[in-house]
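Chemist: Quick one, structure for this:
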Amino acid sequence: MTRALLAGLLLLTLTGCERAPPVHQHAFFALGTLVEVSVADSDPQRASRAAEAVEAIFREDHQLWHAWHPGPLMDLNRALAAGQGAQPHPSIHYLLERAAPLAERSGYRFDPAVGGLVRLWGFHADTPPEGPPPDADALRDWREHKPSLADLYWDEDQVFSRNPVLQLDFGAFAKGYAVDQAIARLRALGIDNAIVNAGGDLRAIGRRADRPWRIGIRHPRAPEVLASIAIEGDESLFTSGDYERYFEHEGRRYHHILDPFSGQPATGTTSVTVLHTDATTADAAATALFVAGPDHWQEVARAMGLRHVLLIDTAGVAHLSPAMAERIHFETDPPPPLRLSEPLP
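Modeler: Residues are numbered from 1 along each chain as shown. Model prediction:
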């Protein structure tokens, strides 16, 4: 339902220009989500080749970064758990290099070292778990060890961990980096106007003839679009929400966005949307701000260099940075209650 709503909103924009070149669309599943490539180009063969090149990137990344299927990441985690060093695949090496400063600036609210915690909650599976939540003693043991990326160290080309509990899971920002890779490939193939959308998280370049791309933001508690935003040039829009992967047990929702400090699903927030030039940063930041919650998101946003943020709290209040308030258009009637933050740098 959600994907159809978002696609429908986008389609209204795409079909609004009679003389515009056609939009060639290509869809496939990778990294646990539906990936849609939209290319506005008058040459259908070039557009088709470009979309197929994007699919090849995502499929390779899916195999390289999968946390619970056999592959290079599982091999690396196995070595770290055994107290051994390992030379990670070049792609994983780069992910670790990108993740380290993002994790530090977020105060480790974004931290790919929580793979063991994700597994403990049952989210290392192709389908959402059915509950119940993990045993309290198991969660207490994990908190006592509290692994983080700061526990990793390098010796030449091998990586080691000071913490045997550390297990890597790049789910909190892998889509962002894959989207950045895809856009770079499209540009190398001569594509100037396109969207790469990975399950509602996307980066858009150029525009659709005489109009910007208009993107919908999902309502976290209703089957409708909460807001929309016009994108042109080169921008990424990423949302983390508690509706993406979750299970319910005894009337309570347990979602997959876990607080690395409490070991529990983060509280106080239903969704966070970040607009940024870089998809990798936007993806990691959306997770970090979700964990930070309504009381601390502004300090984390400043530390991560963000300007455009929308956070919906569990009371339905929309917390916005001034820069985001200038860009966003709420589609619901009435709009949600609004709370404007101080300007972000």
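Chemist: doesn't Pro90 make contact with Pro72?
Modeler: No - taking contacts as Cβ atoms under 8 Å, Pro72 lies outside contact range of Pro90: 9.6 Å. Yep, even glycine has a C-beta here, placed from its N, CA and C like the rest.
Chemist: which residues are in contact with the helix or strand that contains Ser48?
Modeler: Using DSSP states H and E, Ser48 sits within helix 44-65. For helix 44-65, the surrounding residues in contact (Cβ atoms under 8 Å, 6 or more residues apart in numbering) are 22, 24-26, 28, 30-31, 35, 37, 39, 41, 69, 71-73, 89, 91-92, 95, 170, 174, 177-178, 181-182, 185-186, 189-191, 194, 196, 198.
Chemist: pLDDT averaged over that helix, what's the number?
Modeler: For helix 44-65, the mean per-residue pLDDT is 96.
Chemist: Okay, buried residues for that helix please.
Modeler: 47, 50-51, 53-55, 57-58, 61-62, 64-65 (16 or more other Cβ atoms under 10 Å).
Chemist: tell me the phi and psi of the residue nearest the centre of the chain?
Modeler: Residue closest to the average C-alpha location in the chain (Cα atoms, centre = their mean): Asp283, at 3.6 Å. Dihedral pair for Asp283: phi -70, psi -50, per degrees, to the nearest 10.
Chemist: From Pro322, how far off is it?
Modeler: 23 Å (Cβ to Cβ, to the nearest Å).
Chemist: Pro72 and Pro90: which has the busier surroundings?
Modeler: Neighbours of Pro72 and Pro90, each counted by other Cβ atoms under 10 Å, are more numerous for Pro72; the result is 17 against 11.
Chemist: What sits closest to that one if chain neighbours are left out?
Modeler: His89 (4.1 Å; Cβ to Cβ, 6 or more residues apart in numbering).
Chemist: What of Arg162?
Modeler: Going by Cβ to Cβ, 6+ apart, Arg162 has Asp151 as its nearest residue, at 4.7 Å.
Chemist: And Pro129, by the same measure?
Modeler: Leaving out its chain neighbours, the residue that sits closest to Pro129 by Cβ to Cβ, 6+ apart is Gly122, at 3.0 Å.
Chemist: residues in contact with the one you found?
Modeler: Gly122 is in contact with 128-129, 131, 134, 247, counting by Cβ under 8 Å, 6+ apart.
Chemist: do Ser91 as well
Modeler: Contacts of Ser91 (Cβ under 8 Å, 6+ apart): 61, 64-65, 72.
Chemist: Greatest separation within the residues you listed: which pair is it?
Modeler: By the measure Cβ to Cβ, Asp61 and Pro72 form the most distant pair in the contacts of Ser91, at 10.9 Å.
Chemist: Just the strands from the stretch 101-250 of the chain, written as ranges.
Modeler: 152-155, 158-161, 194-198, 201-206, 213-218, 225-231, 233-241, 246-249 (DSSP state E, counting those that start in this stretch).
Chemist: Pipe the ones you listed into CSV and attach mean neighbour count per row.
Modeler: Below are the strands of the stretch 101-250 of the chain laid out as CSV (neighbours: other Cβ atoms under 10 Å):
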stretch, mean neighbour count
strand 152-155, 12
strand 158-161, 18
strand 194-198, 26
strand 201-206, 24
strand 213-218, 23
strand 225-231, 20
strand 233-241, 22
strand 246-249, 15
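Chemist: Looking at those, which is nearest to Arg109?
Modeler: Of the strands of the stretch 101-250 of the chain, the one closest to Arg109 (Cβ to Cβ) turns out to be strand 233-241, at 11.3 Å.
Chemist: What is that closest one packed up against?
Modeler: Under the contact criterion of 3 or more Cβ pairs under 8 Å, 6 or more residues apart in numbering; DSSP states H and E, strand 233-241 touches helix 174-188, strand 201-206, strand 213-218, strand 269-276, helix 279-303.
Chemist: Which one of these lies nearest to Thr332?
Modeler: strand 213-218 (10.7 Å).
Chemist: List the pairing partners of that closest one within its sheet, with orientation.
Modeler: strand 225-231 (antiparallel) (DSSP bridges).
Chemist: what angle sits between the partner strand and strand 194-198?
Modeler: With axes from the mean of the first three to the mean of the last three Cα atoms, to 10 degrees as the basis, strand 225-231 and strand 194-198 are set at 140 degrees to each other.
Chemist: okay, strand 225-231 in PDB with CA atoms only?
Modeler: What follows is strand 225-231 as a C-alpha-only set of coordinates in PDB (Å, rounded to 0.1, in the frame of the first residue of the first chain):
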ATOM      1  CA  VAL A 225       1.300  10.300   2.200                       C
ATOM      2  CA  LEU A 226       2.100  12.700   5.100                       C
ATOM      3  CA  ALA A 227       4.100  15.200   3.100                       C
ATOM      4  CA  SER A 228       5.900  15.900  -0.200                       C
ATOM      5  CA  ILE A 229       9.100  17.700  -1.200                       C
ATOM      6  CA  ALA A 230      10.400  18.900  -4.500                       C
ATOM      7  CA  ILE A 231      13.900  17.800  -5.400                       C
END
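Chemist: Thanks a lot, see you next time.
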